[in-house]
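S.K.: okay, predicted coordinates and the sequence, questions at the end:
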Amino acid sequence: SLVPQVVDQVVVPVIAAGGIMDARGVAAVRCLGAVGAALGTAFLTSSDSDASALHKQRVLAARETDTVVTAVFSGRPARGLHNRFVADYDAPCPHQVLDPDPRIAPYPMQQSLTNPLKKATLAAGDTSVASMWCGQAPRLATEDSVEQIVARIEQDLATISAVI
């Protein structure tokens, strides 16, 4: 795991991120030495989130196999839901730095180029060419409020801590 390797090499507190959706993930990274966890997709679909209804619906319907790491929307590798735009224009991200795809502008220019397309297509109810950021575990996403999500994580962490 990457977390203990980082913890062993740095003198600053480590906050882990990526694929953490609930108390189990938070407890796991804390056991690996992180002082905290950053959760993204867990809050993206929250009833309090400003994400578009279309984005939330796509994430809530997604499975782990529906995500891909791509730089096609922003110029930087990020995980999102696979769609037609990714299929048509994506370059393999592991080679992005050493062998950049000439069709993808560097960040933030690529993001500036694709944002108007995203706004227009989402306004038309189309997600096939818009960035739909999503983490590794969309199946664990809920429409609960932020307050409910945090309360559940706190409660579940207490239960997990009693067992560990």
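M.R.: Here it is on my side, so go on.

S.K.: only C-alpha atoms for contact and neighbour calcs from this point on.
M.R.: Noted.

S.K.: for the protein, longest helix please?
M.R.: helix 146-163 (DSSP state H).

S.K.: what lies in contact with that one?
M.R.: 22-24, 26-27, 42-43, 46-48 (CA atoms under 8 Å, 6 or more residues apart in numbering).

S.K.: can you redo those as CSV with pLDDT, secondary structure and neighbour count?
M.R.: Formatted as CSV, the contacts of helix 146-163 follow (pLDDT from 0 to 100; DSSP: H, G, I helix; E, B strand; the rest coil; neighbours: other CA atoms under 10 Å):
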residue, pLDDT, secondary structure, neighbour count
22, 98, coil, 20
23, 98, helix, 21
24, 97, helix, 14
26, 98, helix, 23
27, 97, helix, 22
42, 98, helix, 25
43, 98, helix, 20
46, 98, coil, 20
47, 98, coil, 15
48, 98, coil, 13
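
S.K.: who's in contact with the residue nearest to the spatial centre of the chain?
M.R.: The centroid of the chain falls nearest to residue 135 when counting by CA atoms, centre = their mean (3.2 Å). By CA under 8 Å, 6+ apart, the contact set of residue 135 is 18-19, 40-41, 67, 79-80.
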